[in-house]
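Novice: quick check, what structure comes out for this input:
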Amino acid sequence: MVEKEIDDTRVIYWYHRRFIEVANSYYVSKLNSEERTSIFTNVIDFFNETWKHKPKPYIYNDYLTKKFGVKNGESEEVRDTGMQPTVFFEPDGKIRYNKRKISELPAFIGNLTSNLAINLACDLVFFDLNFLTGLFTHLSLVDIFEHLTNISGVSSYSISEESRKNLEQLKIFRLCLLQCGVQMKDNPEGLMIHFLSRSLNFNKHLGNFTKIIDQYYDQSPKYYSLVLAHQFMEPPIGELIFQLDKHSTPITHTVIGGDNDSLILSLSNKINAFNMSTVADLGFIKFTDFNEEKIFFTAFLDEFDQDFFNLNDINGGLIVCSLNE
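Specialist: Below you'll find the predicted structure:
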């Protein structure tokens with residue numbers, strides 16, 4: 001019996017794990033490729049919500065066709081399988097990942113034929129921003145590479161042209177992870193920063209890399225509350241100059257000023273200050289929540305005394321205003 005976390009809830013995992021072991025040993029291992037694909041495709045449809053809120057085609061055998069009197073043995077009953085999103089959103093805005101889906105789906109895909117496994121792995125797992133973030137949040141780096149190697153290590157013999165192109169991109173993806181996977185695992189909130197530095201040149205040239213880069217630029221304001229100061233050398237970005245990737249609340253205002261090239265950020269209830277030259281965190285100041293929304297924020301650069309030791313290297317102070325405060 002093994003305790004395991006499923007969606008942040010402690011459960012006893014023995015029966016489920018034992019079922020998988022027995023099924024693989026006495027049943028799945030004896031199936032041919034076509035039969036195995038049929039079974040695991042159903043499991044993938046479950047995780048992918050393929051038949052959510054619509055009838056799933058089902059063919060009865062001859063006995064049930066005669067018993068139920070259905071035409072051509074077809075049934076179109078609605079079989080709701082429940083929601084299986086990769087990401088759950090709590091009322092307070094907290095993000096939780098579907099741990100069962102993240103831990104099991106890659107292995108199920110790996111049991112399919114090469115043509116199916118390669119394309120599904122690209123579409124649903126490794127080039128999906130939410131799933132990739134979930135992998136690095138909840139699985140070990142060894143497990144991630146095991147899933148990736150299992151799928152990318154298949155032979156390219158007798159696979160379709162689409163699968164061949166996707167297989168090449170999976171191998172490039174694996175090479176990127178070999179270079180920066182440790183940093184991505186250590187910092188899952190900012191994992192795309194490290195990945196982008198190895199993959200930006202593939203944007204607009206390799207379809208799967210373009211897809212995940214586009215997802216990052218569309219979704220990063222919602223999922224990753226970070227700031228990137230960068231030059232637009234070529235689309236989507238060129239050289240990353242400076243990064244702040246540990247913020248837990250949205251950034252509302254920014255200002256750059258001071259004699260020492262400091263970057264000051266106003267968050268919802270605190271101010272962060274960074275030295276742009278040394279990339280050093282100078283600390284933060286918490287201030288009382290305003291009764292009304294903050295509408296103005298700036299740095300006052302004329303000399304005057306201020307009591308916050310974290311901002312001693314800034315020649316001046318800060319002004320934060322709402323409508324009446």
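Novice: how about the strands in this structure?
Specialist: Here the chain has its strands, by DSSP state E, at 3-6, 9-12, 58-59, 74-75, 87-89, 95-97, 227-230, 240-244, 251-257, 262-267, 270-275, 280-286, 296-300, 317-321.
Novice: max-length helix in this protein?
Specialist: Longest helix in the chain by number of residues (criterion: DSSP state H): helix 161-186.
Novice: that helix packs against which elements?
Specialist: Under the contact definition 3 or more C-beta pairs under 8 Å, 6 or more residues apart in numbering; DSSP states H and E, helix 161-186 sits against helix 114-120, helix 141-152, helix 191-199, helix 207-223. In this view, the C-beta of every residue, glycine as well, is placed from N, C-alpha and C.
Novice: and the first one, what does it pack against?
Specialist: Yep, that's helix 114-120 we're talking about. helix 33-47, helix 99-110, helix 141-152, helix 161-186.
Novice: and with 7 Å instead?
Specialist: The elements that helix 114-120 packs onto, with contact taken as 3 or more C-beta pairs under 7 Å, 6 or more residues apart in numbering; DSSP states H and E, are helix 99-110, helix 161-186.
Novice: now do the third one
Specialist: Counting contacts by 3+ C-beta pairs under 7 Å, 6+ apart, the secondary-structure elements packed against helix 191-199 are helix 161-186, strand 240-244.
Novice: need the winner for burial among the ones you listed.
Specialist: helix 161-186 (a mean of 17; mean count of other C-beta atoms under 10 Å).
Novice: now that helix and helix 141-152, what's the angle there?
Specialist: 170 degrees (axes from the mean of the first three to the mean of the last three C-alpha atoms, to 10 degrees).
Novice: average model confidence for helix 161-186?
Specialist: Mean pLDDT, helix 161-186: 91.
Novice: point out where the stretch 201-325 of the chain drops to low pLDDT.
Specialist: Low-confidence segments of the stretch 201-325 of the chain (pLDDT under 70): 221-252, 256-262, 267-268, 276-280, 299-317.
Novice: give me that answer again for 80
Specialist: Within the stretch 201-325 of the chain, the stretches with pLDDT under 80 are 217-323, 325.
Novice: and what of the stretch 1-150 of the chain?
Specialist: The low-confidence ranges in the stretch 1-150 of the chain, as defined by pLDDT under 80, are 1-24, 26-29, 31, 33-43, 45-84, 89-94.
Novice: related to what we said a few turns ago, Throw the helices and strands packed on helix 161-186 into JSON lines and include distance to F89 and mean neighbour count, thanks.
Specialist: Output for the helices and strands packed on helix 161-186, formatted as JSON lines (distance: least, C-beta to C-beta, whole Å; neighbours: other C-beta atoms under 10 Å):
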{"stretch": "helix 114-120", "distance to F89": "25", "mean neighbour count": "21"}
{"stretch": "helix 141-152", "distance to F89": "24", "mean neighbour count": "17"}
{"stretch": "helix 191-199", "distance to F89": "20", "mean neighbour count": "21"}
{"stretch": "helix 207-223", "distance to F89": "10", "mean neighbour count": "16"}
